[in-house]
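**Student:** Got a predicted structure plus its sequence, pasted below:
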Amino acid sequence: MPSLKYQPGEKVMGRWPGSSLYYEVKVLGFDSKSRLYTVIYKDGTELELKEQDIISYLSFQARTRSRSNSRSPGRRRSRSRSPARTTRRSSSRTAAAASAAITESAPSSHGDAKLKRAPEVKLSPLPQEKKPTENSSNNKHEKKEENNTASKEIQPDAKAEADPEKNLGRYNLRRRKDDGEAKAAEAKTEQQVKEAKASAALAVTGPTPASPRLDFGGKIGAFFWTLFLPAWVLFLLLQVNRKDPSLANFPPPLPPLQSFWDPQALGFVVLWILFQALLYVLPVGKLSEGVLLRSGRRLKYRTNGFFAVLVSAAVVAAAVYQGADLTYIHSHFLQLTTASFLIAMLLSIYLYVRSRSTSPDERALGGNSGNMIYDFFKGRELNPRIKEFDLKFFCEMRPGLIGWCLINFAMALAEMKQQKLDAPSSSMILVNVFQLLYVVDGLWNEEAILTTMDLMHDGFGYMLAFGDLVWVPFTYTLQAHYLVSHPNPLSLPVLSAIVTLKLVGFYIFRKSNSEKNAFRRNPSDPSLSHLKTIPTATGKSLLVSGWWGVVRHPNYLGDLIMALAWSLPCGFSHILPWFYMIYFIILLVHRDSRDMNECRRKYGSAWDEYCRTVRYRIIPRVY
Ligand SMILES: NC(=O)C1=CN([C@@H]2O[C@H](COP(=O)(O)OP(=O)(O)OC[C@H]3O[C@@H](n4cnc5c(N)ncnc54)[C@H](OP(=O)(O)O)[C@@H]3O)[C@@H](O)[C@H]2O)C=CC1
Ligand SMILES: CC(C)=CCC[C@@H](C)[C@H]1CC=C2C3=C(CC[C@@]21C)[C@@]1(C)CC[C@H](O)C(C)(C)[C@@H]1CC3
């Protein structure tokens, strides 16, 4: 092949189709008919690439080096000519991916060099930052050049991303090694890839991370949600004790102002939070490592949630035994909610204020729009900590979650009192046991929370503070709350059917979550060797059979089935106890689409292939 630009066996950098990422690949051959090179990635993935998507290894290195050596930061940003630049688009997301490409390729081949290289990739073009630099005429030229590049090279890519079928048609993705080999290779590279990603993320954000795009309706949306969510909680709580709770009762007649406030209620809430904080800091249980951060650090988390729920249960039982009247929670629900809201609000203000003095690599990508209200709502700091005390992790897993079970239990006592029963009704028992199982399971598997979206990506601001401290304990308890004054006796067959449904949902939820966790922790786990996978250029694979071959989010499916089983004991007389189900569908559909976007960005056409193979998102053959 004398006229070929790249020879078989040559090590080059190949662009991952549908993305801006370049990885080290080896040329295997060239098809003169299709004019495509066959290349192989380090994880064994073979692809056919166009010449324009390949760059020689040496010039790739030279270009990244020259950018870091010879230019001032301002100029580097706009004039660098790395391969990443060839795929520059006018969105920060693309600029981020382009920057990521350089560092993601580097660590796999250069090991230790990865963190040293991170600052280098900050130099990649960030089109959204068009700040004037020292030479204005140069700038004009650079701007023009960027635009030209964009129109020449960006549009085909944008199309490919919008149309995965086309993207796949253009490139032929196939596995070279058998699954076992690929999994073993993946196990080896997983650590490197994680570290590369952290370096890449650092590069992506640069010194001042800018939000990629605004979720939740942007600035106006954030303002709306900040006011609407507490108003909605109030509406639900004013409805739940009514004889005929209905959405049609809007606006509700407001109770006198003093019924919202009770200093004693505030005292109880503060005491509960302090008690949970004490259990959290006790040196009991495992110290688990979180994901690698942009700063290159890994945080440690005390995962003793199961211990916390056991001690809490024992303390509550002892208090009841000593004569404490837990029905206070039912009779002072509004005051307790107001107190929790006040704490959530103060916490959010504190979080916002302290985020102003945190270093940029401690900030979340999503909460730095520059708009005060949006950033306050979404949260700017990723892992706010007071010494070793992680505020986000603590709030998400402890006071609200364990408080949810405490409130449910109090509702069971309130039901007995109000309806003069010797024992809680069967509906109340079902709701209590089902939700207790859910919470205890979450705390038992507490380590798994460290890889959820909230912990990895979302900043800690009003949304999560309010969600954790008000929304979860005071709205997730609506079914039990409703049953206090709306009895719904269940026949044995109905009860059995609901229990079966709950168990089915729980089985799907737990099995699918565990399957993915086990696979992510050890891809060559022998117990998973029967599963089919799709390799991706990041070194990670995607499960394509087993639970993750049924739908793309089997864990959401299980969670939704459980939600159904939580509402069914309340019957169909009113919509109010179905609120959780309705809200949860909206939350998970939105979460699924956020995750889809993130995975498409991370995995490019491998993700598209996964989506083609596993066609439904949450419910087989429906959605
Ligand atoms: N009760 C409640 O209020 C709520 C409960 N939840 C529950 O919390 C749990 C966690 O949910 P969430 O954090 O949203 O997301 P998931 O646990 O579903 O995690 C999604 C991630 O899994 C990985 N992944 C996706 N597809 C595959 C595949 N085929 N093979 C291997 N890995 C794959 C990807 O990450 P990567 O490839 O980077 O590993 C993806 O980003 C769920 O069970 C959910 O139901 C969530 C929200 C609220
Ligand atoms: C409307 C509003 C303010 C929403 C905020 C969303 C939060 C309430 C939820 C986001 C993700 C959550 C998770 C759980 C609780 C609800 C929030 C905080 C969770 C801790 C419940 C228990 C599960 O077992 C879980 C650990 C999987 C789960 C993780 C996500």
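**Tutor:** Received the coordinates, thanks. Numbers count the residues shown, from 1 in each chain. Ligands and ions are numbered 1, 2, ... in the order given.
**Student:** can you pull out the strands in the stretch 301-450 of the chain?
**Tutor:** 385-386, 389-390 (DSSP state E, counting those that start in this stretch).
**Student:** Determine which of the ones you listed approaches H553 most closely.
**Tutor:** For H553, the closest of these is strand 389-390, at 26.7 Å, according to Cβ to Cβ. C-beta coordinates here come from the backbone N, C-alpha and C atoms, glycine included.
**Student:** The closest one pairs with which strands, parallel or anti?
**Tutor:** Strand 389-390 has the following strand partners under DSSP bridges: strand 385-386 (antiparallel).
**Student:** residues contacting L469?
**Tutor:** Contact analysis of L469 by Cβ atoms under 8 Å, 6 or more residues apart in numbering lists S340, F341, I343, A344, L347, C395, P399, G400.
**Student:** try it again with 10 Å
**Tutor:** Neighbouring residues of L469 by Cβ atoms under 10 Å, 6 or more residues apart in numbering: 269, 273, 339-345, 347-348, 395-396, 399-400, 403.
**Student:** Just the buried residues from those, in ChimeraX please.
**Tutor:** Those of the contacts of L469 that count as buried under 16 or more other Cβ atoms under 10 Å are selected in ChimeraX with:
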select :269,273,339,340,341,343,344,345,347,348,395,396,399,400,403
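**Student:** can you tell me the residue of the stretch 351-500 of the chain closest to ligand 1?
**Tutor:** Here the residue of the stretch 351-500 of the chain nearest ligand 1 is T452; by Cβ to the nearest ligand atom that distance is 3.3 Å.
**Student:** Kindly provide the distance from the one residue sitting closest to the centre of the chain to ligand 2.
**Tutor:** In the chain, the C-alpha nearest the mean C-alpha coordinate belongs to M453, at 1.3 Å (Cα atoms, centre = their mean). M453 sits 8 Å away from ligand 2, going by Cβ to the nearest ligand atom, to the nearest Å.
**Student:** Would you check that that residue makes contact with D595?
**Tutor:** Yes. Using Cβ atoms under 10 Å, M453 is in contact with D595, at 6.8 Å.
**Student:** what does the stretch 101-250 of the chain put close to ligand 2?
**Tutor:** Contacts of the stretch 101-250 of the chain with ligand 2, taken as Cβ under 6 Å from any ligand atom, map to L229.
**Student:** In the stretch 101-250 of the chain, which residue sits closest to ligand 2?
**Tutor:** Counting by Cβ to the nearest ligand atom, the stretch 101-250 of the chain gets nearest ligand 2 through L229, at 5.6 Å.
**Student:** Which residue lies closest in space to that residue, excluding its sequence neighbours?
**Tutor:** Residue nearest to L229 in three dimensions, not counting chain neighbours: F466, with 6.1 Å by Cβ to Cβ, 6 or more residues apart in numbering.
**Student:** Quick one: list the elements packing against the strand or helix carrying that neighbour.
**Tutor:** Using DSSP states H and E, F466 maps to helix 462-466. Judged by 3 or more Cβ pairs under 10 Å, 6 or more residues apart in numbering; DSSP states H and E, helix 462-466 is in contact with helix 218-240, helix 333-355, helix 372-378, helix 391-397, helix 453-456.
**Student:** can you give me how far the third one is from the chain middle?
**Tutor:** Put plainly, it is helix 372-378. 18 Å (Cα atoms, centre = their mean, to the nearest Å).
**Student:** quick one, what contacts the residue nearest to L326 when sequence neighbours are not counted?
**Tutor:** Nearest non-adjacent residue to L326, counting by Cβ to Cβ, 6+ apart: A410, 4.2 Å away. Neighbour list for A410: 316, 320, 325-331, 333, 477, 480-481, 484 [criterion: Cβ under 10 Å, 6+ apart].
**Student:** Three-state assignment for V27, please.
**Tutor:** Of the three states, V27 takes strand according to DSSP: H, G, I helix; E, B strand; the rest coil.
**Student:** In the stretch 501-623 of the chain, what residue comes closest to ligand 2?
**Tutor:** L587 (6.6 Å).
**Student:** Helix or strand, whichever it is, which one in this protein has the lowest mean pLDDT?
**Tutor:** Ranked by mean pLDDT, DSSP states H and E, the weakest helix or strand in the chain is helix 113-121, scoring a mean of 28.
**Student:** For the helices and strands packed on helix 462-466, give me TSV that also has mean pLDDT and distance to V291.
**Tutor:** Putting the helices and strands packed on helix 462-466 into TSV (pLDDT from 0 to 100; distance: least, Cβ to Cβ, whole Å) gives the following:
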stretch	mean pLDDT	distance to V291
helix 218-240	94	26
helix 333-355	96	20
helix 372-378	93	20
helix 391-397	96	12
helix 453-456	83	6
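**Student:** coming back round to it: E396 is in contact with the residue of the stretch 351-500 of the chain closest to ligand 1, correct?
**Tutor:** Yes. Using Cβ under 10 Å, T452 is in contact with E396, at 8.7 Å.
**Student:** which neighbours do those two share?
**Tutor:** Common contacts of T452 and E396, defined by Cβ under 10 Å, 6+ apart, are absent altogether.
**Student:** Any regions of the stretch 401-550 of the chain where pLDDT drops low?
**Tutor:** Along the stretch 401-550 of the chain, no part satisfies pLDDT under 70.
**Student:** Apply 90 and report the result again.
**Tutor:** Residues of the stretch 401-550 of the chain meeting the criterion pLDDT under 90: 447-458, 514, 516-531, 535-541.
**Student:** Please, where are all the helices along it?
**Tutor:** Ranges of helices within the stretch 401-550 of the chain are 426-444, 453-456, 462-466, 472-475, 478-485, 492-521, 547-550, based on DSSP state H, counting those that start in this stretch.
**Student:** close enough to count as contact, the residue nearest to L229 and A231?
**Tutor:** No. Taking contacts as Cβ under 10 Å, F466 lies outside contact range of A231: 12.0 Å.
**Student:** Tell me which of the two has more neighbours.
**Tutor:** F466 (24 against 10; other Cβ atoms under 10 Å).
**Student:** any idea how far that one is from P252?
**Tutor:** Computed with Cβ to Cβ, to the nearest Å, the distance linking F466 and P252 is 21 Å.
**Student:** now do L492
**Tutor:** 37 Å.
**Student:** So the two - more neighbours on which side?
**Tutor:** A count of neighbours by other Cβ under 10 Å puts P252 above the other of L492 and P252, at 14 against 8.
**Student:** Over to that one. Which of the three states is it?
**Tutor:** Once three-state DSSP is applied, P252 turns out coil.
**Student:** you'd agree V504 is up against R510?
**Tutor:** No. Here V504 lies out of contact with R510, judged by Cβ under 10 Å, at a distance of 11.2 Å.
**Student:** any common contacting residues for those two?
**Tutor:** G558.
**Student:** residues in contact with R594?
**Tutor:** With Cβ under 10 Å, 6+ apart, R594 has these contacts: D215, G366, M453, H457, D458.
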